[in-house]
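Participant: heads up, no residue letters with this:
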């Protein structure tokens, strides 16, 4: 039994497996954000020819069923099938935009005043040949040689001892020893006969495993120079869009293995592309540092994340042992150490520790705030004395998820919107400047902000239908604002979309408020607001304040930093001192569980307005909106 | 192509492999002491039917060739072969006599005044269930629980962290944690859900890997009680009889693996037999301690021993990391720790460290000597202040090797001999009291001693042929003394046999002398001579002094101890304190390379007489021999 793709390519099909599974086995990655539960309907495909049975139809419209649409996750082939796959169902790995600010990296490192000290150190030894008056064991000879170079009594694995006799004698007692720092002292990880040709010609990788995007920085270790960036979608997305659906998938038979392999394969393919591009040998890459949220870290290492999902949100561990690349499945030399940034709790991960390290909040006297907006929003407030952190579920809407025409900030996304105050006509910009195919987070924030300021929607996010404009359509599901239209196809914002955004921004603002209350402070006490996240690159901070996502504070207090998770990984790749700082930051961060606070729901509900029920907290927004505010609040 | 055995059993034969290899692959263990080099001729078999080609005939007599004898190591089958295997060519695994003195073990341990502290400790924890106000990670929770029981910050392997979430929750946060001491602190080796049923119902194994014999003691860890002993031949013997021929074999393709597997298989079969006999569960055995000479230790762990053989006799390492049983191939739970006693040098191994520990020389004020006679002889002189050690090659003759009718001290061996002073008729005793099939080391020492005292041989070990007795036969190879005769078969001692013994005892005595000279002492300064070795059990000390093997000192100074190597392993199995003492002993022992000393050859040559050229050192022997001495020296 076969599945015939539009390209003419065929895939062998097993009738006991779903179409989704069959396509995956054949190398076709269909998006299934709900993990194949039949909830999201994103995995729809069109069957042009052939017989199948399906258990799930209610999620499709009658028109779609007539056109041959079916949800791949609940469809089983009963004959050869000829299918088409809508672009919206395919995982698009092109057009991913690296969100790090590469140009700033070296400046950050240089400003930190620490010396370069990667995970591994190499020592070249010319050992004296044994004689009858100096016939200590090979191991003692090696340890003596290492001690003379300042490496006292390092640890050796069983495997290294087995190979020791041969390795020492192969190049006449000249060897290059690679050592690594561990919490138990120095450990020898490799003994290579002879002198390494270019002892400092080593590269390292700083990796950020985002829920959505995996980024690899290739770093020249001798200088800390960023050589190049490679990035791809995190292919775990085919098993679920957010961390929760992935944790659920991990509990299924083989699920944890699937998720681990997906992200390890992503990293391997990025490494392979960098190695090819720079013609690096298999021995060129010497160390790897990984950052990401707690669930991403546990999945990457193969630790069961199930308990992170359920109250009281417990992790397996927040400190990860340095593991050999071979054990994890990363395709570099198997003994290359992989350091994973420490996490703090189930929803405050190594990405946040990275962010604090990159912003240096932990060294500042003045109070700072840090917010990393991704699928979850994580918040930190503090300084060198103390730091508190919290996480709130922003949902995927800022990355385009859950919205009628939402998409990620890639080519074709509407990423900024203005509304003409006279005509109320929308003016849009599109990433790549072509025909728009959807709207990304910054575009939505702009739209809602503009609609609010121009009176198209009320502070409750409801359309002022009395406006009777061309751009507001009334559909069965309610009114929507049209941003772009060709023929029957529209890109629009619905009241449901607005509700989604209100909930997300309310959660972030409420989190901020609760954290401040816990420490008896107000927004005025914060000197700098650091904004990070893949999202942050496209964020119009003015508009974000207008909708009440961030506090109405002087705009110069806000700083965009792009992806601070990979920056922190980069810093830890280069410096033992900074790895220690990262461990200290993880120790120091006190996590406030927002759901425990009795005030969180009050704050959250107060935030479900534009910009907020407490208008006195948003004076510049109130001023911009003018008198309309008084009548509606 | 097949080989048909006398039993009618057939073995598939590969014509590209030797008969020796084919038989080995078919599970028939033929002795090949020279490692298949065609030097010793011990692997001879009789081909009754079939064609073969052989490259080696000169080692066989014409009569043997006519009878169908061929050396299996150089014979290739060319058709089906029907063969017979002489008993002398088969590795006999029956009748092995355990040489430890089991009854003394517990007394020794009790006399040491240390508490029982095996390699592993078990802690049963009832951890509090996580709540929102106590939601530290699983790892922190476990570490907190362990810290409350006094185990601070132990190390965890990657594998244990992966399984942690499941193991903690399976029995509702009740777990039994098994910890082990390492040089880097405590390490957790196992986390078992629930409470171990009988937390103290654990057994340990003390193992001595001798060049010839492998002994396993099954020990009940809670009390230190010796439950039983199992022993077998070290099947490495099919690749070579002594350490040198095994080291040579280890350098061949796959040789190291063959040798490692042979001894690991031996230990596994002994463990299996003990488990069956006592109906032990797979979880019953909790820890293993191994002792043996340096080469045996390196082969057991799979470390290349090649450099031990060649000057300057260097080992890979003298300290061995504790390894999981699974890594070595021992068939108990894979995480069971295997502790290997430290060695000192290529020819002063863990067996000698064991011996010092068992004799407590390292704690004594008075000077003691320790000699372990096996295929090699190792010597220690010292006390609590200092200790020197040396090794000398005794050769296999004390175990029956290299002698015309030599055999090990098993059933059928002549183990004591008296010669009637009037008739010069030999009176023999035989182990098992049946028909004798050869003579073991103690029998040879007795015979030479008796022949010397009765004037049958001169101090140079030559027959006084003028005696013209029935018991002295003159053959083509020279005269020999007949101990037993039926029909054409004789058991006799040749001049070549006597030469062998003279060389061996001269080496041991010379080693003693050189060691004493190095420290400026004489035999009179030694208060106790501890004699150990499988050999020692059957040794008549009086006769050994008569031939000049041991010094002519008051007999009450000598103490037999049997196998002290396994005793030391037993002590280390039971006590962390004694494991530390073993490490200290290994540090403290100063090895004297006898071959470096300019005096060794002089001393050795002086010892090639009965009892010695310097008769004043053997006054009681001189007295027993009487006037004959004066005329011959």
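Facilitator: That came through fine. Because the structure is predicted, anything quoted here is derived from the model rather than measured.
Participant: thought residue A:448 was touching residue A:457?
Facilitator: Yes: taking Cβ atoms under 8 Å as the definition, residue A:448 is a contact partner of residue A:457 at 7.3 Å. C-beta here means a position set from N, CA and C on the backbone, and glycine is covered the same way.
Participant: can you list residues touching both of the two?
Facilitator: Common neighbours of residue A:448 and residue A:457, using Cβ atoms under 8 Å, 6 or more residues apart in numbering or on different chains, are A:498, A:610.
Participant: and residue A:364, how many neighbours?
Facilitator: Residue A:364 has 15 neighbours, counted by other Cβ atoms under 10 Å in any protein chain shown.
Participant: tell me the pLDDT at it?
Facilitator: In this model, residue A:364 is scored at 96, pLDDT.
Participant: got the contact list for it?
Facilitator: Counting by Cβ under 8 Å, 6+ apart, residue A:364 has contacts A:383, A:384.
Participant: can you check residue A:225 too?
Facilitator: By Cβ under 8 Å, 6+ apart, the contact set of residue A:225 is A:106, A:219.
Participant: and the stretch 1-150 of chain A, which residues reach chain B?
Facilitator: Proximity of the stretch 1-150 of chain A to chain B, by Cβ under 8 Å from any Cβ of the partner chain, involves residues A:130, A:131, A:132, A:133, A:134, A:135, A:136, A:137, A:138, A:139, A:140, A:141.
Participant: the same query, at a cut-off of 6 Å, please.
Facilitator: On the criterion Cβ under 6 Å from any Cβ of the partner chain, chain B has as its neighbours in the stretch 1-150 of chain A the residues A:130, A:131, A:132, A:135, A:137, A:138, A:139.
Participant: can you tell me the closest non-neighbouring residue to the fourth one?
Facilitator: So that's residue A:135. Using Cβ to Cβ, 6 or more residues apart in numbering or on different chains and skipping the chain neighbours, the partner closest in space to residue A:135 is residue B:312 (3.9 Å).
Participant: surely that neighbour forms part of a helix?
Facilitator: No: counting by DSSP: H, G, I helix; E, B strand; the rest coil, residue B:312 is not part of a helix but coil.
Participant: please tell me how far it sits from residue A:128.
Facilitator: Distance of residue B:312 to residue A:128, computed by Cβ to Cβ, to the nearest Å: 11 Å.
Participant: so residue A:394 sits in a helix?
Facilitator: No: counting by three-state DSSP, residue A:394 falls outside a helix, being coil.
Participant: what about residue B:312 and residue A:128, which has more around it?
Facilitator: Legend: neighbour count by other Cβ under 10 Å for residue B:312 and residue A:128, higher for residue B:312 (18 against 10).
Participant: what does the pLDDT read for that one?
Facilitator: 91.
Participant: which ones are touching it?
Facilitator: Applying Cβ atoms under 6 Å, 6 or more residues apart in numbering or on different chains to residue B:312 gives the contacts A:130, A:131, A:132, A:135.
Participant: need the worst-confidence member of these.
Facilitator: Ranking the contacts of residue B:312 by pLDDT puts residue A:132 at the bottom, with 86.
Participant: around chain B, which positions in the stretch 251-400 of chain A sit nearby?
Facilitator: Neighbours of chain B within the stretch 251-400 of chain A, by Cβ under 6 Å from any Cβ: A:302, A:303, A:304, A:312, A:313, A:314, A:315, A:316, A:317, A:318, A:321, A:323.
Participant: the first one contacts residue A:260, correct?
Facilitator: Yes: counting by Cβ atoms under 6 Å, a contact exists between residue A:302 and residue A:260, whose distance comes to 4.9 Å.
Participant: so what's residue A:590 closest to, chain neighbours aside?
Facilitator: Sequence neighbours aside, residue A:388 is the residue nearest to residue A:590 in space, at 5.0 Å (criterion: Cβ to Cβ, 6+ apart).
Participant: check the gap between that neighbour and residue A:311 for me.
Facilitator: Distance of residue A:388 to residue A:311, computed by Cβ to Cβ: 20 Å.
Participant: go on, residue A:526?
Facilitator: For residue A:526, the distance to residue A:311 - Cβ to Cβ - is 30 Å.
Participant: more neighbours: which of the two?
Facilitator: residue A:526 (19 against 14).
Participant: count the residues that sit near the nearest residue to that one once chain neighbours are set aside.
Facilitator: Leaving aside its sequence neighbours, residue A:526 sits nearest to residue A:369 (Cβ to Cβ, 6+ apart; 4.9 Å). A count of neighbours around residue A:369, defined by other Cβ under 10 Å, yields 27.
Participant: beta partners of residue A:369?
Facilitator: Note on residue A:369: beta-bridge partners by DSSP bridges are residue A:381, residue A:529.
Participant: for it, list the residues it contacts.
Facilitator: A:381, A:526, A:529.
Participant: need the residues you listed in JSON lines with distance to residue A:206 and pLDDT, can you?
Facilitator: Compiled in JSON lines, the contacts of residue A:369 are given as follows (distance: Cβ to Cβ, whole Å; pLDDT from 0 to 100):
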{"residue": "A:381", "distance to residue A:206": "26", "pLDDT": "97"}
{"residue": "A:526", "distance to residue A:206": "29", "pLDDT": "97"}
{"residue": "A:529", "distance to residue A:206": "25", "pLDDT": "96"}
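Participant: closest to chain B out of those?
Facilitator: Taking Cβ to the nearest Cβ as the measure, chain B lies nearest residue A:381 of the contacts of residue A:369, at 20.3 Å.
Participant: burial count for the closest one?
Facilitator: 26.
Participant: quick check: the closest residue to residue A:361 other than its chain neighbours vs chain B, distance?
Facilitator: Of all residues not flanking residue A:361 in the chain, residue A:368 sits nearest, at 4.6 Å (Cβ to Cβ, 6+ apart). Computed as Cβ to the nearest Cβ, to the nearest Å, the residue A:368 to chain B distance reads 26 Å.
Participant: hang on, residue A:368 packs against residue A:525?
Facilitator: No: with contact defined as Cβ under 6 Å, residue A:368 does not reach residue A:525; the gap is 10.3 Å.
Participant: span of stretch A:117-130 from start to end?
Facilitator: Distance between the boundary residues of stretch A:117-130 (Cα to Cα, to the nearest Å) amounts to 33 Å.
Participant: may I see the buried residues of that stretch?
Facilitator: Using 16 or more other Cβ atoms under 10 Å in any protein chain shown as the test for burial, stretch A:117-130 gives A:118, A:119, A:120, A:121, A:122, A:123, A:125, A:127, A:130.
Participant: can you give me the helices in the stretch 451-600 of chain A?
Facilitator: A:495-518, A:541-546, A:564-574, A:576-588, A:600-606 (DSSP state H, counting those that start in this stretch).
Participant: outside of the longest one itself, list whatever touches it.
Facilitator: Helix A:495-518 is contacted from outside by A:377, A:379, A:381, A:388, A:390, A:392, A:394-395, A:397, A:402-404, A:444, A:448, A:461, A:478, A:547-549, A:592, A:594, A:597, A:600, A:603-604, A:607-608, using Cβ under 6 Å, 6+ apart.
Participant: do a quick rundown of the strands in the stretch 351-500 of chain A.
Facilitator: A:368-373, A:377-382, A:387-392, A:413-419, A:426-430, A:438-439, A:472-475, A:478-486, A:489-494 (DSSP state E, counting those that start in this stretch).
Participant: worst mean pLDDT among those strands?
Facilitator: Note on the strands of the stretch 351-500 of chain A: lowest mean pLDDT is at strand A:472-475, with a mean of 84.
Participant: what lines up beside that strand in the sheet?
Facilitator: With DSSP bridges as the test, strand A:472-475 pairs up with strand A:478-486 (antiparallel).
Participant: now the angle from the partner strand to strand A:413-419?
Facilitator: 110 degrees (axes from the mean of the first three to the mean of the last three Cα atoms, to 10 degrees).
Participant: chain center to strand A:478-486: distance?
Facilitator: Its chain's C-alpha centre and that of strand A:478-486 lie 31 Å apart, by Cα atoms, centre = their mean, to the nearest Å.
Participant: would you mark the buried spots in it?
Facilitator: A:479, A:480, A:481, A:483, A:484.
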